[in-house]
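Student: model the following, please.
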Amino acid sequence: MIIDAHLHLWEKQNGRVNGKPVYDLGGGRSDFGGEVRQMMPPYLLDGKNSAEALFANMEYACVSGGVVTQEYIDGNQDPYLLTVKQKYGDRIKICALYEEDGVFRPEYFLANPFDGLKICAGRLQDPDLTLLLPVFQMVEKAGRFISIDLADGALQVPAMETLIAACPDLRIAIGHFGMVTREGWLQQIGLARHPHVYIESGGITWLFNSEFYPFPSAVDAILEAKSVCGMEKLMWGSDYPRTMTAITYRMSYDFVQKSDKLSAADKARFLGENAKEFYGFSDLPVPERIRNMVEDE
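Tutor: Down below sits the predicted model:
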C-alpha cells in the first residue's frame, strides 16, 4: 500500500507570493509574482488541478490514498477540497488553510470535515510560531492534525519545541523533509523524536532536482533522517502536481522502491505504513498494476 502524504489540488489558482499575485495562464503555466513559471504539466490545459486528474495518476501509479495540503501560492481551496472529500471519501485526507490577519475562522474549520490544518510557517508575516498556541490547542482538542512547512533551517525549531510540549497529543507532520538541502535541516528532523511528530518528504525530488532521477542523495538523506528519528517516523510525499513538471508521478516514489540501500521493511514503512498510522486511513484499495504501452510482455 502506497500513500502520498503531500499533494496539492486547486479549482482555480488565485494565490500570492511575496505580496504579488499568482494565477493561471493556461497550458500548465502560471504568473508567479510577475514571472511565468511552468506550474503543472503542460497537458493540464485549463489551469484546474483537479481531483479527477490526480486520481487518474494515483490509479496508474498504484497509489492507494493521499493527503491534500495547501499553499498560499495557490490561494485558499477550502470549499473545493470539501467537495473532493465528499466524492472520494476514505481515500483522501484534506487540510484547511491557516491564514493570518483574522482570515482563518476556527468555527468554520471545526464545523466541516477537514482532517487537518495546513500552516505555511515559512511564509508567515510573523515567524514566531508560539503566537499560534491557541490554534495548536484547538486542533489538538478536535483530534485533528497539523501539516506544517517550516522556514529553512532551525529558525522555527525552538518555537516548535515549545508548541509540542504544550500540545503533547497533537499529531504534527513536518513537510518538505525539513527542507533537506538547506543548512540545519536535521534539527527539523529531530522534532520527530517526539511521539506524535512525523516527517513527510513532499518536495524532496524538487530539492534534489539538480541531481535528478534516481535521486541517490535523497535516498542518503532518508537514511540519515532514519538515524535521527527512526524510519517509523518518515513518510513519502510527492508534492504533486508541481514536481510533475520534471518527472512522472510514479518516478516520485519508485526511486525509493528501486534503491538497494533501503530494506523491504523500510520501504513499506516509508511509502505507506507510517502514513496509514499517522493520518488514520482505514483499509484502502491497492490499484491494479496496468502494463503500459512501452513495456515488453
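Student: how close does the closest residue to R182 other than its chain neighbours sit to Y80?
Tutor: Using CB to CB, 6 or more residues apart in numbering and skipping residues adjacent in sequence, the residue nearest R182 is D152, 4.3 Å away. Using the backbone N, CA and C atoms, a C-beta is placed for each residue, glycine as well. Per CB to CB, to the nearest Å, D152 is found 29 Å from Y80.
Student: how about K226?
Tutor: 36 Å.
Student: show me which of D152 and Y80 is the more surrounded one.
Tutor: Taking neighbours as other CB atoms under 10 Å, D152 and Y80 compare with Y80 leading, 19 against 16.
Student: A strand includes the more buried one, no?
Tutor: No: secondary structure of Y80 (DSSP: H, G, I helix; E, B strand; the rest coil): helix, not part of a strand.
Student: sec struct for S210, please.
Tutor: coil.
Student: ok, it - how many residues close by?
Tutor: Neighbours around S210, by other CB under 10 Å: 7.
Student: straight-line length of stretch 58-75, end to end?
Tutor: End-to-end distance for stretch 58-75: 24 Å, by CA to CA, to the nearest Å.
Student: is V197 in contact with P168, as I believe?
Tutor: No: shown here, V197 and P168 do not form a contact pair, counting by CB atoms under 8 Å, at 10.2 Å.
Student: longest helix in the chain, please.
Tutor: Ranked by residue count under DSSP state H, the longest helix found in the chain is helix 216-229.
Student: quick check: bridge partners of the residue lying closest to N274 once chain neighbours are set aside?
Tutor: Distance criterion CB to CB, 6+ apart; nearest residue to N274, sequence neighbours excluded, is M235 at 4.9 Å. M235 has these beta-bridge partners by DSSP bridges: E200.
Student: same question for R171.
Tutor: F145.
Student: burial count for it?
Tutor: Quick note: R171 (other CB under 10 Å) scores 20 neighbours.
Student: please report how far it lies from I2.
Tutor: Taking CB to CB, one finds R171 at 20 Å from I2.
Student: tell me where the protein has strands.
Tutor: In the chain, the strands defined using DSSP state E lie at 3-7, 14-17, 20-26, 29-32, 35-38, 65-68, 92-97, 116-120, 145-149, 171-174, 197-200, 234-235.
Student: of those, which approaches P241 most closely?
Tutor: strand 3-7 (7.8 Å; CB to CB).
Student: and the closest one with strand 145-149, angle?
Tutor: 60 degrees (axes from the mean of the first three to the mean of the last three CA atoms, to 10 degrees).
Student: tilt between strand 3-7 and strand 116-120?
Tutor: 40 degrees.
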